[in-house]
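Engineer: Sharing a model that was predicted from the sequence below.
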Amino acid sequence: MPFVKNDKNINVKGREKGVPNKTTSEIKILLVSIFESNLQEIARQSDKLTLNERLTLNRTLLQYVIPSVKMENFNNNLEPSIFDTSNW
């Protein structure tokens with residue numbers, strides 16, 4: 001069905017701000033379910049991994065567990081430091 005200009009059935013404003021994406025929420029729930037079902041096996045197999053492989057595994061999995069850090073507004077109006085950093 002082709003796009004028809006000024007069709008009253010098309011939401012031209014989009015989703016309101018703050019309303020979560022339904023598909024994204026469903027995918028996150030699915031990923032958590034898969035991860036939880038494999039958690040014991042991951043723990044059991046991690047004993048066989050080298051230190052480098054464990055660190056890679058943790059780094060890979062943490063991005064799905066810990067929320068990403070967003071850039072904060074930087075305010076340059078800082079109070080003077082009580083530490084003398086002139087000879088560092």
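Structural biologist: Here it is on my side, so go on. Residues are numbered from 1 along each chain as shown.
Engineer: For the protein, which residues score under the pLDDT cut-off?
Structural biologist: 1, 71-85, 88 (pLDDT under 70).
Engineer: hey, where'd the helices end up in it?
Structural biologist: 22-46, 51-65 (DSSP state H).
Engineer: for the first one, packing partners?
Structural biologist: With contacts defined as 3 or more C-beta pairs under 8 Å, 6 or more residues apart in numbering; DSSP states H and E, the packing partners of helix 22-46 are helix 51-65. Where you see a C-beta, it was placed from the backbone N, CA and C, and this is true even at glycine.
Engineer: Let's see the helix it packs on as PDB, backbone CA atoms only.
Structural biologist: Provided in PDB are the C-alpha atoms of helix 51-65 (Å, rounded to 0.1, in the frame of the first residue of the first chain):
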ATOM      1  CA  LEU A  51      42.100 -14.500  32.400                       C
ATOM      2  CA  ASN A  52      42.000 -12.700  29.100                       C
ATOM      3  CA  GLU A  53      39.000 -14.700  28.000                       C
ATOM      4  CA  ARG A  54      37.200 -14.000  31.300                       C
ATOM      5  CA  LEU A  55      37.900 -10.200  31.000                       C
ATOM      6  CA  THR A  56      36.600 -10.200  27.500                       C
ATOM      7  CA  LEU A  57      33.500 -12.100  28.500                       C
ATOM      8  CA  ASN A  58      32.800  -9.700  31.400                       C
ATOM      9  CA  ARG A  59      33.400  -6.700  29.200                       C
ATOM     10  CA  THR A  60      31.000  -8.100  26.600                       C
ATOM     11  CA  LEU A  61      28.200  -8.900  29.100                       C
ATOM     12  CA  LEU A  62      28.500  -5.800  31.200                       C
ATOM     13  CA  GLN A  63      27.300  -3.600  28.400                       C
ATOM     14  CA  TYR A  64      23.900  -5.400  28.600                       C
ATOM     15  CA  VAL A  65      23.800  -5.200  32.400                       C
END
